[in-house]
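Trainee: With the input below, show me the fold.
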Amino acid sequence: ADAYAIQAELLPLHGGVRAGYKLRFTSAAMRAQMGVDHPSSGVLLADMRLPEPHLAAGALIQPRVEPEIAILLGRDLHGVQLTPEQVAAATAAVLPAIEIVDSRYRDYRFKSVDNIADNSSAARYLLGAPRALSEVGDLRLVGVLLSIDGVAVDQGLGAAALGSPLAAVAWLARHLSTWGEALRAGEIVLTGGLTRAYALAPGQTACAEFGAGLGSVLLHHCSQPA
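Mentor: Below is the predicted model of the structure:
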């Protein structure tokens, strides 16, 4: 509770407008990598979204990339009894995404409460083209291949996100309800990394290729400042 209270106090200092939420540690792979045992959430601000597939050199401290399935909400969601089926009914679109996390903690060594207070490492995110949920089908079965500079480094399934990205959003809505908050129509939810997070050095390019017609996202980390 203290960690989320600190997160809420810090966000206004960034001066941004809330654009949605991100889930962290929804996959067993991420929890094992970071040594935590439960999911958490952070807030996405509007200026965290990259308008183009380029991350400026020096913009972040130690950026890492994660492939994620993003959900655009078509209506508000709230309540402690919310189900994945209700999330599906409220989903306006599904999008392929790469989240770029960052941390002030050296080598990403932190306790879960430290990470929550630091807004769950939220830094930047890049979205691909939206698709209707009906076109993509069962999100649990959507596979993703993550490559860096054309070399495959990891792969995952939508089921890694708490069993389903829809279940992950339901968990988030229930979690927010305990604080008197709700998900709003028009907000984006990043449902959690489907693989481990990988460092992206200046000059490198990351590509997340999703199955089931969801599409792909390509991100280049610029080697020189703009």
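Trainee: C-terminal to the lowest-mean-pLDDT helix or strand in the chain, what's the next element?
Mentor: Lowest on mean pLDDT, DSSP states H and E among the helices and strands of the chain sits helix 28-34, with a mean of 64. Note on helix 28-34: by DSSP states H and E, the next helix or strand toward the C-terminus is strand 40-45.
Trainee: From the centroid of the chain, which residue is nearest?
Mentor: In the chain, the residue lying closest to the centroid (CA atoms, centre = their mean) is residue 190, at 3.4 Å.
Trainee: the helices in the protein, which residues?
Mentor: Assigned by DSSP state H, the helices in the chain fall at 2-14, 28-34, 84-90, 112-117, 133-136, 165-177.
Trainee: Quick one: closest of those to residue 195.
Mentor: Closest to residue 195 of the helices of the chain is helix 28-34 (CB to CB; 6.1 Å). Where C-beta positions appear, they are placed from N, C-alpha and C, glycine not excepted.
Trainee: sorry, back to before: for residue 152, which of the helices of the chain is the nearest?
Mentor: Of these, nearest to residue 152 by CB to CB is helix 28-34, at 15.3 Å.
Trainee: what about the strands in the chain?
Mentor: For the chain, the strands defined by DSSP state E cover 18-24, 40-45, 54-55, 64-73, 91-101, 122-127, 143-148, 151-157, 188-190, 198-199, 205-210, 215-221.
Trainee: Show me the shaky parts of the chain.
Mentor: By pLDDT under 70, the low-scoring segments of the chain are 25-37, 226.
Trainee: Counting neighbours, what do you get for the closest residue to residue 59 other than its chain neighbours?
Mentor: Excluding the flanking residues, the one nearest residue 59 by CB to CB, 6 or more residues apart in numbering is residue 124, at 7.7 Å. Applying other CB atoms under 10 Å, we find 21 residues neighbouring residue 124.
Trainee: Same question for residue 58.
Mentor: Residues lying near residue 58 (other CB under 10 Å) number 11.
Trainee: my guess is it contacts residue 225, does it?
Mentor: Yes. With contact taken as CB atoms under 8 Å, residue 58 and residue 225 are classed as touching, separated by 5.7 Å.
Trainee: ok, now how distant is residue 216 from residue 74?
Mentor: Residue 216 is 24 Å from residue 74, where distance means CB to CB, to the nearest Å.
Trainee: Which of the two has more residues huddled nearby?
Mentor: Set side by side, residue 216 and residue 74 show more neighbours around residue 216, with 16 against 13, by other CB under 10 Å.
Trainee: The more buried one: what's it in contact with?
Mentor: Contact partners of residue 216, counting by CB atoms under 8 Å, 6 or more residues apart in numbering, are 96, 128, 207, 208, 209, 210.
Trainee: Tabulate those in JSON lines, adding columns for distance to residue 80 and neighbour count.
Mentor: Formatted as JSON lines, those follow (distance: CB to CB, whole Å; neighbours: other CB atoms under 10 Å):
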{"residue": "96", "distance to residue 80": "30", "neighbour count": "24"}
{"residue": "128", "distance to residue 80": "32", "neighbour count": "19"}
{"residue": "207", "distance to residue 80": "39", "neighbour count": "20"}
{"residue": "208", "distance to residue 80": "33", "neighbour count": "29"}
{"residue": "209", "distance to residue 80": "36", "neighbour count": "18"}
{"residue": "210", "distance to residue 80": "31", "neighbour count": "25"}
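Trainee: Nearest to residue 146, out of these: which one, please.
Mentor: Sorting the contacts of residue 216 by distance to residue 146 puts residue 208 at the head of the list, at 5.4 Å, by CB to CB.
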